[in-house]
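Engineer: Just need the structure, nothing else, for what follows:
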Amino acid sequence: MVEPREAESKMGNGTRAIVGVIGGSGIYDVESLDNGRVEPASSPFGQPSADILRGELHGVEMLFLPRHGEGHAIPPSHVNYRANIDALKRAGATDIISISACGSLREALPPGSFVVVDQFVDRTRGREKSFFGPGCVAHASLAHPVCARLGDALEAAARELGIEVTRGGTYLAMDGPQFSSLAESMLYRSWNCDVIGMTNMPEAALAREAELCYATMAMVTDYDCWHPDHDSVGIEDIIRVMTENGSKAGALLGNLAPRLETHPGPCPHGCDRALENAIITAPEARDPALIAKLDAVAGRVLTGA
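Structural biologist: Sure thing, here's the model as predicted:
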């Protein structure tokens, strides 16, 4: 098992950041990384999607993990979200940026536009949604699941590049692998959801339990199926827009990295303290086997650090 790694280099009042990037559909590598090297990734929660690519981007240490594995072999409902988040935490990540393809539920969010998501509605089923369970019960708040500091940085980096970006939006997470029916698409619009995808939950919730700052840049590829002029989702159109979005995403990461060079300590939005008072199970009733698995995710609170 890989031991948890700490980001110990201090910079002023903060800590040198280690930025984890989870690449979604169409984002399988970060070609501009300096000193890139692949490191084995492992987790007590199972096998992560792939090994981690570590390198530097404009002097900022980056960790890249393709959500769907090499060659996009893992469908959304089979991604081991717990292992991915745990592996990134063990590798020393202080921040996680999720780059995700999605469909649009709003006329004002056309294909090719980007959205800095700030809320989620989880409609997935059967996924492991917590690191905790029998033997150690915890209830972390998910009221504000996205780190506003990272959201600010994403928005600023995109606008500086001239990328069409919207700040704020609700991401509806569905299981897939099929796209929505028209009835579902209209229902989600009536709920005031803005974009729809298959992967950002429980990923965001798990990042919160791991006390990691997390933010999503959702890249719109299509109008789902609600739009009268785009009433079916064509995979060929999605792939075309996805390729265009992938080029933008690469430039975005390059412009984002210097803005995240320093991780403030503590996080002004409380992301790194999400488990304060969250663990309910009395110490004497905790399962030692589960506690051992939680060493990276919750070691700070379980050891009283």
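
Engineer: element containing the spatially most central residue of the chain, please.
Structural biologist: Geometric centre of the chain, nearest residue: Ser98, 3.6 Å, by Cα atoms, centre = their mean. Following DSSP states H and E, one finds Ser98 within strand 95-104.

Engineer: and the helix or strand just after that strand, what other elements does it pack with?
Structural biologist: Where DSSP H and E defines the elements, the next helix or strand beyond strand 95-104 is strand 114-117. Where contact means 3 or more Cβ pairs under 8 Å, 6 or more residues apart in numbering; DSSP states H and E, strand 114-117 is packed against helix 148-160, strand 165-167, strand 213-222, helix 235-256. No exception for glycine: its C-beta is placed from N, CA and C like everyone else's.

Engineer: chain center to strand 114-117, what's the gap?
Structural biologist: Put simply, strand 114-117 sits 12 Å off its chain's centre (Cα atoms, centre = their mean, to the nearest Å).

Engineer: outside of that strand, which residues touch it?
Structural biologist: With contact meaning Cβ atoms under 8 Å, 6 or more residues apart in numbering, strand 114-117 is reached by 102, 109, 146, 151, 154-155, 158, 163-171, 194-195, 200, 215-220, 245, 248, 252.

Engineer: Tell me where this structure has helices.
Structural biologist: 81-90, 148-160, 182-190, 200-209, 235-256, 288-293, 295-302 (DSSP state H).

Engineer: Which of these has the lowest mean pLDDT?
Structural biologist: Lowest mean pLDDT within the helices of the chain: helix 235-256, at a mean of 82.

Engineer: related to what we said a few turns ago, just say which of the helices and strands packed on strand 114-117 is most tucked in.
Structural biologist: Comparing the helices and strands packed on strand 114-117 by mean neighbour count (mean count of other Cβ atoms under 10 Å), strand 213-222 ranks first with a mean of 27.

Engineer: just to revisit the earlier point, nearest to Ile280, out of the helices of the chain?
Structural biologist: The stretch from these with the least distance to Ile280 (Cβ to Cβ) is helix 295-302; that distance is 12.0 Å.

Engineer: what's that closest one packed up against?
Structural biologist: helix 81-90.

Engineer: got the angle between the helix it packs on and strand 213-222?
Structural biologist: 130 degrees (axes from the mean of the first three to the mean of the last three Cα atoms, to 10 degrees).

Engineer: Quick check: Ser100 touching Asn200?
Structural biologist: Yes: Ser100 lies in contact with Asn200 (Cβ atoms under 8 Å); the separation is 5.7 Å.

Engineer: overlap in contacts of those two?
Structural biologist: With Cβ under 8 Å, 6+ apart as the test, Ser100 and Asn200 both reach Thr216, Ala218.
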